[in-house]
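Peer 1: Give me coordinates for this.
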Amino acid sequence: MEKQDKIYVAGHRGMVGSAITRKLQKEGYENLVLRTSKELDLRNQKAVEDFFKAEKPDYVFLAAAKVGGILANNTYPAEFLYDNLLIQSNVIHQSYLNGVKKLLFLGSSCIYPKMAPQPLKEEYLLTGLLEPTNEPYAIAKITGIKMCESYRRQYGCNYISAMPTNLYGPGDNYDLKNSHVLPALLRKFHEAKMNNEPAVIVWGTGSPLREFLHADDLADALYFLMQHYDGAEFVNVGTGKDISIGDLARLVQKITGYEGQLEFDISKPDGTPRKLMDVSKLTSLGWEPSIGFEEGIRNVYKEKFLS
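Peer 2: Predicted structure coming up:
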């Protein structure tokens with residue numbers, strides 16, 4: 001990518017898209033094409049067609065998606081499948097029709113089988129059954145990967161895919177009904193501290209293991225891949241380290257300064273037992289994360305709840 005190239009960041013107001021936008025601006029890219037969902041509904045085929053014909057971007061970061069945690073995925077499975085299929089199909093196809101030089105598609109670690117060996121290697125895709133709680137979302141993301149592979153094979157498009165692990169950072173979703181585990185814990189513990197509540201209840205047993213990556217580290221990795229990777233296979237993006245939900249809750253309790261009790265509601269689902277990415281492909285290319293986990297959470301907490 002050259003500094004004068006026109007770059008479209010789809011989903012630039014989301015946590016990932018905004019991190020990508022910050023990274024590009026920091027690196028001196030000023031010719032960015034940005035549209036809110038109100039300005040451009042990516043589910044609308046005609047609207048996306050008109051947008052690409054008018055703007056003709058050189059590069060595309062496809063970070064737009066309908067996302068949420070276990071509860072949201074369980075409650076709105078049809079929306080997660082329908083919306084994501086439309087968004088990525090429209091953007092990928094119009095990128096092809098309008099001569100986009102390179103596109104990067106953002107997937108999710110939930111694409112892997114529920115009981116896949118750990119850590120998760122890229123080749124484990126489609127080797128077993130998916131986690132039922134987020135299967136529709138996972139199927140949509142798998143479809144996006146296969147679209148990029150298929151457009152590469154049939155049309156010679158330089159479309160690459162990256163599969164990030166669990167993310168956190170500025171612009172995260174803190175709605176307890178449809179947020180992911182880390183922002184949900186930050187909000188729960190902060191509000192419990194403010195309200196002097198005697199206990200904080202965490203869903204599940206606390207035993208599942210999860211890996212977390214700061215959104216700014218992800219943006220740095222995606223920028224790196226856009227510059228240095230042209231392979232057909234998708235690439236895992238993560239830290240290669242995980243933590244139990246129980247230990248995560250205790251870390252958040254420490255960071256927020258909450259002094260009450262921590263309780264686990266074992267009637268609630270745990271989700272996948274473990275999700276740790278094998279990031280050896282990415283590290284072999286020359287990229288590693290730079291933001292420490294506790295440091296990252298402290299910064300997010302300070303920005304969201306203390307500023």
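Peer 1: Where does pLDDT dip in the stretch 101-250 of the chain?
Peer 2: The model of the stretch 101-250 of the chain has no residue with pLDDT under 70.
Peer 1: Now do the helices in it.
Peer 2: Shown for the stretch 101-250 of the chain, the helices assigned by DSSP state H, counting those that start in this stretch span residues 135-155, 181-194, 215-228, 245-256.
Peer 1: C-alpha coordinates for the shortest one, CSV please?
Peer 2: I take that to be helix 245-256. Extracted C-alpha coordinates of helix 245-256, given in CSV (Å, rounded to 0.1, in the frame of the first residue of the first chain):
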residue,chain,number,x,y,z
ILE,A,245,-12.5,-17.2,33.0
GLY,A,246,-12.1,-17.6,36.8
ASP,A,247,-8.6,-16.1,36.8
LEU,A,248,-9.8,-13.4,34.4
ALA,A,249,-12.6,-12.5,36.8
ARG,A,250,-10.1,-12.3,39.6
LEU,A,251,-7.8,-10.1,37.5
VAL,A,252,-10.7,-7.7,36.7
GLN,A,253,-11.7,-7.7,40.4
LYS,A,254,-8.1,-6.6,41.2
ILE,A,255,-8.0,-3.9,38.5
THR,A,256,-11.4,-2.5,39.4
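Peer 1: Now do it: everything it contacts.
Peer 2: 181-182, 185-186, 189-190, 193, 200, 202, 204-210, 212, 243, 262, 264, 270, 294, 297-298, 301, 305 (CB atoms under 8 Å, 6 or more residues apart in numbering). To be clear about C-beta, it is placed using only N, CA and C from the backbone, and glycine gets the same treatment.
Peer 1: Filter those residues down to just the ones in strands.
Peer 2: 200, 202, 209, 210, 212, 243, 262, 264 (DSSP state E).
Peer 1: farthest-separated two in the residues you listed?
Peer 2: The most widely separated members of these, counting by CB to CB, are 200 and 209 (20.3 Å).
Peer 1: OK, contacts around the nearest residue to residue 126 once chain neighbours are set aside?
Peer 2: Using CB to CB, 6 or more residues apart in numbering and skipping residues adjacent in sequence, the residue nearest residue 126 is residue 142, 7.2 Å away. Contacts for residue 142 (CB under 8 Å, 6+ apart) come out as 107, 111, 125, 126.
Peer 1: Sounds good, over and out.
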